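> Requesting a structural model of the entry that follows:
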Amino acid sequence: MAAGAAAAARADHKALADALRGVARGDAVVERDLEVYRAAWRQPAALTGMVNWYRALLAKDLPAPEQAPRIRVPTAIVWGARDAFAVRELAERSRALCDDATVTYLEEATHWVQHDEPERVNEILLQFLA
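Numbers count the residues shown, from 1 in each chain. Modelled structure (predicted):
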């Protein structure tokens, strides 16, 4: 297990659980949710994959949208405006990579939009998939 993944696994994934608790609004993340996350994090190579995704993203310069491969399928981006980990500009940069994309900003949501506003996220996804 990579060093970053090992650190994330310490104390039954306390740092990851605290990140969810500390960023999502109110009681959006409850203990039963955290147990589901912990079960997923315990899967072989799960944490290494998570950590490596961020390492790869930070280790290289992203190409300009006009030079990047295009995403040709319709895409829905749901973005928490109060995201403490990713700036709003990333949503717009993501949209620029797509031929057909919509971005919906949930002004009161954090990085964990599915916990903060589950009904609204479900509504957005159902409309998109219809």
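> Tell me how far the residue lying closest to residue 74 once chain neighbours are set aside lies from residue 108.
Nearest residue to residue 74, sequence neighbours excluded (Cβ to Cβ, 6 or more residues apart in numbering): residue 100, at 4.6 Å. All C-beta atoms are positioned from the backbone trio N, CA, C, and that covers glycine. Using Cβ to Cβ, to the nearest Å, residue 100 is found at 27 Å from residue 108.
> Run a quick neighbour tally on the residue nearest to residue 74.
11 (other Cβ atoms under 10 Å).
> Use 39 as the first number from now on
Noted, 39 is the first residue going forward, which turns the last one into residue 138.
> Phi and psi next, for it.
phi -150, psi 90 (degrees, to the nearest 10).
> and if you look at residue 145?
phi -60, psi -30.
> burial of residue 163, as a residue count?
13.
> Residue 109 now?
Count around residue 109 with other Cβ under 10 Å applied: 14.
> Now for the residue lying closest to it once chain neighbours are set aside: which residues touch it?
Leaving aside its sequence neighbours, residue 109 sits nearest to residue 136 (Cβ to Cβ, 6+ apart; 4.4 Å). Going by Cβ atoms under 8 Å, 6 or more residues apart in numbering, residue 136 touches 108, 109, 113.
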